[in-house]
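1. I would like the atomic coordinates for the input below:
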Amino acid sequence: MPNIKVFSGSSHPDLAQKVVDRLGIGLGKVVLKKFSNQETSVEIGESVRGEDVYIIQSGSGEVNDNLMELLIMINACKIASASRVTAVIPCFPYARQDKKDKSRAPISAKLVANMLSVSGADHIITMDLHASQIQGFFDIPVDNLYAEPAVLKWIKENITDWRSCVIVSPDAGGAKRVTAIADRLNVDFALIHKERKKANEVASMVLVGDVKDKIAILVDDMADTCGTVCHAADKLLEAGASKVYAILTHGIFSGPAISRINNASFEAVVVTNTIPQDSHMKECSKIQCIDVSTILAEAIRRTHNGESVTYLFRHVPM
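-> Below is the predicted model of the structure:
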């Protein structure tokens, strides 16, 4: 692949390595360090003049540092005469702050979109945005890829009686995602309506749908402290579900998340590697990982060659 350079930020070098291995190229040279006052320093170690540049950086770990590093890398490539700079952001930072849901609340996702545009990004590739309307915050092209094809593949390969399962959304916001998966599998779906007293705390839950003597598969785009999914699992078992699985695109797992999963009655909690999961998997045997590097690599290859990425919305690349 001529005229392409792929660089990795420090948030998820393992994913970036898998992507370039799939593309059959090497990672671009870049030195990332911090000055003693914690300012981020970036040195691009090779020429990018006239090149199609892709920078892979996920919104995980030290989110603010990683976001700043991404902005500086984009700008460094842009002012070094790169022909196009694409930010590949598997997990979009600040995606949950996407609307003004109370007085004086910021719309931080829009601010991040503005910062990416101003830094010089020409194109964004991301995965399972918390709200797909975030694409409208940008005036540059955004490809929002879906983990759904990889999730369907995992369900068919790992759950033997998947034909008699129920796909469950742990909140009303995920209803669209859940109905899409249920339609593709031709199974029933259910919904849990929850009321929050304040952020990260769930007050009450009501199950809408029948899960008695069926395998329940909870599907959501992200799990942070895991209070909601663990509550939902208990609710499903109370309602007579035989087994409960959770499938989550972005496994953030902050605070008490791991201990909650260990104490909950999940058969498995399946996440993708948009966020590094090695340390989480060591701490919790229930966590399993789906590799999405093939989807990201194929999106980069198709973008570079000027091909459509529509195929990736319904299929996992072979």
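
2. Assign the closest residue to I217 other than its chain neighbours to one of the three secondary structure states.
-> Nearest non-adjacent residue to I217, counting by CB to CB, 6 or more residues apart in numbering: Y245, 4.8 Å away. The C-beta positions use only the backbone N, C-alpha and C, and glycine is treated the same way. Three-state call for Y245 (DSSP: H, G, I helix; E, B strand; the rest coil): strand.

3. And stretch 271-288, how far out from the chain middle?
-> On the basis of CA atoms, centre = their mean, to the nearest Å, stretch 271-288 sits 13 Å off its chain's mean C-alpha point.

4. for stretch 266-274, same thing?
-> Centroid displacement of stretch 266-274 relative to its chain, using CA atoms, centre = their mean, is 12 Å.

5. What of stretch 286-302?
-> The chain centre lies 10 Å from the centre of stretch 286-302; the measure is CA atoms, centre = their mean.

6. For it, measure first residue to last.
-> End-to-end distance for stretch 286-302: 35 Å, by CA to CA, to the nearest Å.

7. now stretch 211-218
-> Counting by CA to CA, you get 12 Å between the two ends of stretch 211-218.

8. what comes up buried for that stretch?
-> 211, 214-218 (16 or more other CB atoms under 10 Å).

9. Same question for stretch 174-190.
-> With burial defined by 16+ other CB under 10 Å, the residues of stretch 174-190 counted as buried are 174, 177-178, 180-182, 185, 187, 189-190.

10. Please identify which of the buried residues of stretch 211-218 is nearest to A109.
-> Taking CB to CB as the measure, A109 sits nearest to L218 out of the buried residues of stretch 211-218, at 24.5 Å.

11. close enough to count as contact, the closest one and P170?
-> Yes: between L218 and P170 a contact is recorded at 5.6 Å, counting by CB atoms under 8 Å.

12. Pull up the overlap in contacts between these two.
-> 229, 232 (CB atoms under 8 Å, 6 or more residues apart in numbering).

13. Helix or strand: which one has the residue lying closest to P90 once chain neighbours are set aside?
-> Among residues not flanking P90 along the chain, T274 sits closest, at 3.6 Å (CB to CB, 6+ apart). T274 belongs to no helix or strand when elements are defined using DSSP states H and E.

14. Can you name the next helix or strand after the helix or strand harbouring A175?
-> Secondary structure assignment for A175, by DSSP H and E: helix 175-185. Sequence-wise, the next helix or strand downstream of helix 175-185 (DSSP H and E) is strand 188-198.

15. could you say what helices and strands that next one packs with?
-> When contacts are defined as 3 or more CB pairs under 8 Å, 6 or more residues apart in numbering; DSSP states H and E, strand 188-198 sits against strand 165-169, helix 175-185, strand 201-208, helix 227-238.

16. That one pairs with which strands?
-> Sheet partners assigned to strand 188-198 using DSSP bridges are listed as strand 165-169 (parallel), strand 201-208 (antiparallel).

17. so which of the ones you listed is the most packed in?
-> By mean neighbour count, with neighbours taken as mean count of other CB atoms under 10 Å, strand 165-169 ranks first of the strands paired with strand 188-198 at a mean of 26.

18. Taking helix 175-185 as reference, get the angle to it.
-> Angle between the axes of strand 165-169 and helix 175-185 is 160 degrees (criterion: axes from the mean of the first three to the mean of the last three CA atoms, to 10 degrees).

19. Poorly predicted segments of this structure, please.
-> 196-197, 199-203 (pLDDT under 70).

20. Just the strands from it, written as ranges.
-> For the chain, the strands defined by DSSP state E cover 4-8, 30-34, 40-44, 52-56, 84-89, 123-127, 142-145, 165-169, 188-198, 201-208, 215-223, 243-251, 268-272, 287-290.

21. ok, how many other residues are close to I79?
-> 9 (other CB atoms under 10 Å).

22. Could you tell me which residues make contact with the closest residue in space to T294 that isn't next to it in sequence?
-> Leaving out its chain neighbours, the residue that sits closest to T294 by CB to CB, 6+ apart is P317, at 4.9 Å. For P317, the contact set (CB under 8 Å, 6+ apart) comprises 294-295, 297-298.

23. One more: S132?
-> Residues near S132 by CB under 8 Å, 6+ apart: N144.

24. any idea how far V6 is from K33?
-> Distance from K33 to V6, counting by CB to CB, to the nearest Å: 20 Å.

25. neighbour-wise, which of the two wins?
-> V6 (24 against 10).

26. K18 is in contact with the more buried one, correct?
-> No: counting by CB under 8 Å, V6 stays clear of K18, with 11.3 Å between them.
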